[in-house]
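J.: need a structure here:
(one chain, ligands or ions: 2)
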Amino acid sequence: MILLDNVSKQFVRGKETVFALDAVSLRVEQGQLALLCGASGSGKTTLINLCAGLASPSKGTLHIADNKVHAMRQAERAAMRAQQVAVVFQLFHLIPYLSAVENILLPSLTVSLSDPVPRAMQLMEQLGIVHRINHRPGEMSAGERQRCAIARALLTDPAIILADEPTGNLDKESAAMVLETLDTCRKKGTTILLVSHQAVDTINPDIMFQLDHGKLVKEESKP
Ligand SMILES: Nc1ncnc2c1ncn2[C@@H]1O[C@H](COP(=O)(O)OP(=O)(O)OP(=O)(O)O)[C@@H](O)[C@H]1O
Ligand SMILES: [Mg+2]
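T.: Ligands and ions are numbered 1, 2, ... in the order given. The predicted model follows:
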């Protein structure tokens, strides 16, 4: 479950204050796929970062899979990300000197998994990047890097997936592969918060949220 209550985030830069999120309250039940939309700069990535515990709210509370993220120390948040909450970053954040499969296997350094290598292979196959197994990020296209970042996030079968524009660099066919993979996770009970501009028609979200200048302006549940 993802539960935000009255969450605000302000960034202070000298004399300027940016209100990136303004009193946002929302709820995503376990096993739901939520779509988060909004124009560029509306606060989507800020919201993902707060849910992941990568930033702290200026105000409000966040409950993510029974974790009170707003009240947790940095080490506890890191453990939460390792064990329960996976993030697909908008800018990928792959390790440049590791190969594709090594990047995908990274989460297995912090969590004990029974068969990480076959699981990594299966994900690469599912996402159409198995032919890039030994390529480093610099030797992959943006779309291949993106799918590599998605495979890394899914390796541990996390309870919650926070995916920030995971289809942003993909053609229709690759985007469909990614959305299908996320849909398979939803069917297994994973809670997914997906930032996307294109996915509305293809993925049939359980609930949709729209941000505008940091405010939640629209919420729509599947009838
Ligand atoms: N560290 C920061 N310091 C100051 N301002 C920031 C910081 N991070 C984000 N912002 C501002 O907060 C607002 C929301 O940014 P955010 O990255 O959440 O937008 P977004 O909806 O993800 O946009 P995009 O669709 O372009 O990825 C923007 O106006 C941005 O400039
Ligand atoms: Mg963003």
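J.: How is the residue nearest to residue 103 when sequence neighbours are not counted classified with respect to secondary structure?
T.: In space, and not counting its chain neighbours, residue 103 is closest to residue 94: 4.9 Å by CB to CB, 6 or more residues apart in numbering. Heads up, the C-betas are built off the backbone N, CA and C, glycines and all. With DSSP: H, G, I helix; E, B strand; the rest coil as the basis, residue 94 sits in coil.
J.: Check the one 10 residues further on too.
T.: Assigned state for residue 104: helix (three-state reduction, three-state DSSP).
J.: What parts of this structure come near ligand 2?
T.: Neighbours of ligand 2 within the chain, by CB under 5 Å from the ion: 44, 45, 90.
J.: you'd agree the last one is in a helix?
T.: In this case it means residue 90. No - counting by three-state DSSP, residue 90 is not part of a helix but coil.
J.: I'd say it and residue 162 touch.
T.: No - look at residue 90 against residue 162 with CB atoms under 8 Å: they stay out of range, at 10.7 Å.
J.: Neighbour count: these two, which is higher?
T.: residue 162 (28 against 17; other CB atoms under 10 Å).
J.: what's the closest non-adjacent residue to residue 47?
T.: Here the residue nearest residue 47, using CB to CB, 6+ apart, is residue 21, at 6.1 Å.
J.: and the one you found, how many neighbours does it have?
T.: 26.
J.: Give the bridge partners for it, please.
T.: Beta-bridge partners for residue 21, by DSSP bridges, are residue 9.
J.: Likewise for residue 33?
T.: Those that pair with residue 33 in a beta bridge, by DSSP bridges, are residue 192.
J.: tell me which residues of the lowest-mean-pLDDT helix or strand in the chain are tucked away?
T.: Sorting the helices and strands of the chain by mean pLDDT, DSSP states H and E puts helix 200-203 at the bottom, at a mean of 75. For helix 200-203, the neighbour count (16 or more other CB atoms under 10 Å) marks residue 203 as buried.
J.: That helix - contacts with which helices or strands?
T.: For helix 200-203, the packing partners by 3 or more CB pairs under 8 Å, 6 or more residues apart in numbering; DSSP states H and E come out as strand 33-38, helix 172-187.
J.: Export that helix to PDB, keeping only CA atoms.
T.: Extracted in PDB, the C-alpha atoms of helix 200-203 (Å, rounded to 0.1, in the frame of the first residue of the first chain):
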ATOM      1  CA  VAL A 200      -3.100   5.300 -20.200                       C
ATOM      2  CA  ASP A 201      -4.600   3.400 -23.200                       C
ATOM      3  CA  THR A 202      -2.400   0.300 -23.000                       C
ATOM      4  CA  ILE A 203      -2.100  -0.500 -19.300                       C
END
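J.: which residues are in contact with that helix?
T.: Residues from elsewhere that reach helix 200-203, judged by CB atoms under 8 Å, 6 or more residues apart in numbering: 33, 35, 37, 175, 176, 179, 182, 183, 194, 196, 208.
J.: Which members of these are classed as buried?
T.: Using 16+ other CB under 10 Å, the buried ones in those are 33, 35, 37, 175, 179, 182, 194, 196, 208.
J.: Tell me which two of these sit farthest apart.
T.: With CB to CB as the measure, no two of the buried ones among the contacts of helix 200-203 lie farther apart than 175 and 208, at 17.8 Å.
J.: could you give the mean pLDDT of stretch 83-92?
T.: When pLDDT is averaged along stretch 83-92, the result is 93.
J.: Enumerate the positions of it that are buried.
T.: Of the residues in stretch 83-92, 84, 85, 86, 87, 88, 89, 90, 92 count as buried by neighbour count, 16+ other CB under 10 Å.
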